[in-house]
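**Student:** just coords:
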């Protein structure tokens with residue numbers, strides 16, 4: 001399948017405008033059909049189906065809290081993790097509690113931390129920039145995390161840089177079985193410039209697809225209760241100015257030695273800046289410079305603004321990328337939270353709650369299902385890609401001109417790719433039928449073979 005599956009495919013988008021529900025309830029990808037998680041074994045480009053369900057299993061709520069019951073496993077395939085990571089993605093059987101009434105923290109901002117700091121709408125964990133490794137000056141080596149021991153925690157290693165070879169195609173990996181994203185959860189080979197070739201053999205799709213022409217979907221919530229969006233949004237905080245890429249306010253410092261922080265603090269020395277430890281290796285290699293434009297985010301990687309789900313405005317975080325769509329520090333949230341952090345993982349629900357039931361209204365519009373098929377004519381593979389901000393199965397059916405169905409496929413909620421292996425089909429014209437929630441679109445496709 002390689003890059004053919006993911007490169008140059010039309011991105012279909014979902015319009016959420018006017019969807020009059022509480023987005024803290026209606027945004028989750030709740031698994032109502034028993035969709036199973038999938039994973040790759042190294043050396044095998046066919047994903048293996050697990051016995052565990054994917055996405056969110058149940059959502060409960062009270063006036064003050066939502067409770068997300070999840071396996072922590074996405075619908076898109078995970079793995080393999082090619083840096084020798086011994087962990088695999090496993091069922092977390094988790095309950096996460098998030099405030100429905102987030103509040104700005106008017107005191108000292110709370111630093112993000114190791115482990116979960118939020119949850120994506122498919123129940124997958126969000127981690128911050130770090131991997132638990134820091135420089136240890138006394139030994140002039142790394143310590144912590146997979147190295148064991150504990151470093152100075154003064155110069156803290158950036159996981160997105162250091163662990164890139166261990167991320168799967170969807171830019172995620174597990175820690176002790178807990179699959180998570182540190183960064184914008186879209187596939188490597190959909191970036192304008194690819195920094196990993198893992199998708200060549202182990203194609204996946206990630207939670208959503210970047211579309212520079214539309215406001216990014218709401219993709220998660222943090223432990224302070226505020227929403228997380230993708231990379232693009234309205235330029236101005238009041239919802240005007242067109243769609244632009246949200247920009248990080250952090251830049252690499254102009255330093256050659258690591259002896260001081262950006263605020264001038266004299267700290268325990270880290271390694272000199274060189275080819276082994278280039279700028280960007282550590283979080284402390286960055287400094288925050290407040291922007292004069294609304295599309296430059298604050299020190300928490302967010303801003304107060306109008307979004308499609310919050311027409312009256314909300315504070316929101318954004319998963320930042322650079323002009324090549326490669327992940328840009330601080331990636332999603334951090335290094336501190338904007339709000340009061342009171343969300344956490346809990347063992348049980350200890351208050352009276354209701355269970356949220358999706359109302360069955362399709363949030364996918366007919367306009368958003370205006371597909372262009374790639375490649376057409378097709379040789380070995382016929383692929384269709386949609387944004388994952390859809391909640392229902394999208395059924396794909398392929399018919400010959402006599403009306404006989406020759407193949408079918410399904411794009412699952414929380415996944416973005418459907419495809420057909422056309423190598424065994426006779427050359428000629430076929431009809432592709434795409435259907436979701438009573439909407440039906442047909443397209444002619446041509447299959448050719450060398």
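**Tutor:** Ah, there it is. These numbers come from a predicted model, not from an experiment.

**Student:** do you have the strands of the stretch 251-400 of the chain handy? List them.
**Tutor:** 286-288, 302-305, 314-318, 344-346, 354-355, 381-385, 394-400 (DSSP state E, counting those that start in this stretch).

**Student:** show me where the stretch 201-350 of the chain has helices.
**Tutor:** For the stretch 201-350 of the chain, no helices are identified by DSSP state H, counting those that start in this stretch.

**Student:** now the weakest link among the strands of the stretch 251-400 of the chain, please, by mean pLDDT.
**Tutor:** Lowest mean pLDDT within these: strand 381-385, a mean of 74.

**Student:** just how off-centre is that strand within its chain?
**Tutor:** Centre-to-centre, strand 381-385 and its host chain are 21 Å apart (CA atoms, centre = their mean, to the nearest Å).

**Student:** helices or strands next to that strand in the packing?
**Tutor:** Packing partners of strand 381-385 (3 or more CB pairs under 8 Å, 6 or more residues apart in numbering; DSSP states H and E): strand 417-421, strand 428-436. Any C-beta I mention is one placed from the backbone N, CA and C, and that applies to glycine too.

**Student:** buried sites along the last one?
**Tutor:** When burial is assessed from 16 or more other CB atoms under 10 Å, strand 428-436 yields the following buried residues: 430, 431, 432, 434, 436.

**Student:** where among the helices and strands packed on strand 381-385 is the average confidence lowest?
**Tutor:** If the helices and strands packed on strand 381-385 are sorted by mean pLDDT, strand 417-421 sits at the bottom with a mean of 78.

**Student:** quick one on the thing from earlier: would TSV of the buried residues of strand 428-436 with distance to residue 281 be doable?
**Tutor:** Shown next, in TSV, are the buried residues of strand 428-436 (distance: CB to CB, whole Å):
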residue	distance to residue 281
430	51
431	53
432	47
434	46
436	45
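
**Student:** just give me the closest of those to residue 127.
**Tutor:** residue 436 (32.7 Å; CB to CB).

**Student:** how about that closest one, nearest residue that isn't a chain neighbour?
**Tutor:** residue 394 (4.7 Å; CB to CB, 6 or more residues apart in numbering).

**Student:** what would the strands of the stretch 251-400 of the chain look like in a markdown table with mean neighbour count and distance to residue 197?
**Tutor:** Converted to a markdown table, those look like this (neighbours: other CB atoms under 10 Å; distance: least, CB to CB, whole Å):
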| stretch | mean neighbour count | distance to residue 197 |
| --- | --- | --- |
| strand 286-288 | 18 | 27 |
| strand 302-305 | 21 | 32 |
| strand 314-318 | 24 | 27 |
| strand 344-346 | 13 | 34 |
| strand 354-355 | 10 | 43 |
| strand 381-385 | 23 | 18 |
| strand 394-400 | 18 | 27 |
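
**Student:** nearest to residue 93, out of those?
**Tutor:** The closest of these to residue 93 is strand 344-346. By CB to CB, the value is 10.7 Å.

**Student:** what helices or strands is that closest one leaning on?
**Tutor:** Using 3+ CB pairs under 8 Å, 6+ apart as the test, strand 344-346 ends up in contact with strand 94-99.

**Student:** pLDDT on the strand it packs on, on average?
**Tutor:** 97.

**Student:** which residues sit against that strand?
**Tutor:** The contact list for strand 94-99, computed with CB atoms under 8 Å, 6 or more residues apart in numbering, reads 24, 64-72, 116, 119, 123, 221, 223-225, 340, 342-349.

**Student:** among the residues you listed, name the buried ones.
**Tutor:** Buried by 16+ other CB under 10 Å: 24, 65-72, 116, 119, 123, 221, 223-225, 340, 342-343, out of the contacts of strand 94-99.

**Student:** residue 196 and residue 168 touch, don't they?
**Tutor:** No: if you go by CB atoms under 8 Å, residue 196 and residue 168 don't touch, sitting 9.2 Å apart.

**Student:** neighbour-wise, which of those two wins?
**Tutor:** For residue 196 versus residue 168, neighbours defined as other CB atoms under 10 Å are more numerous around residue 168 (27 against 19).

**Student:** now that one: how far from residue 242?
**Tutor:** Here the distance between residue 168 and residue 242 works out to 34 Å (CB to CB, to the nearest Å).

**Student:** what do you get for residue 421?
**Tutor:** According to CB to CB, residue 421 stands 40 Å off from residue 242.

**Student:** so for the two, which sits in the more crowded spot?
**Tutor:** Ranked by neighbour count (other CB under 10 Å), residue 421 and residue 242 place residue 421 first, with 12 against 8.

**Student:** ok, now which ones touch that one?
**Tutor:** For residue 421, the contacting residues are 380, 381, 407, by CB under 8 Å, 6+ apart.

**Student:** what's the closest non-adjacent residue to residue 348?
**Tutor:** residue 95 (7.1 Å).

**Student:** again with residue 93
**Tutor:** Excluding its sequence neighbours, the residue lying closest to residue 93 (CB to CB, 6+ apart) is residue 71, at 6.7 Å.
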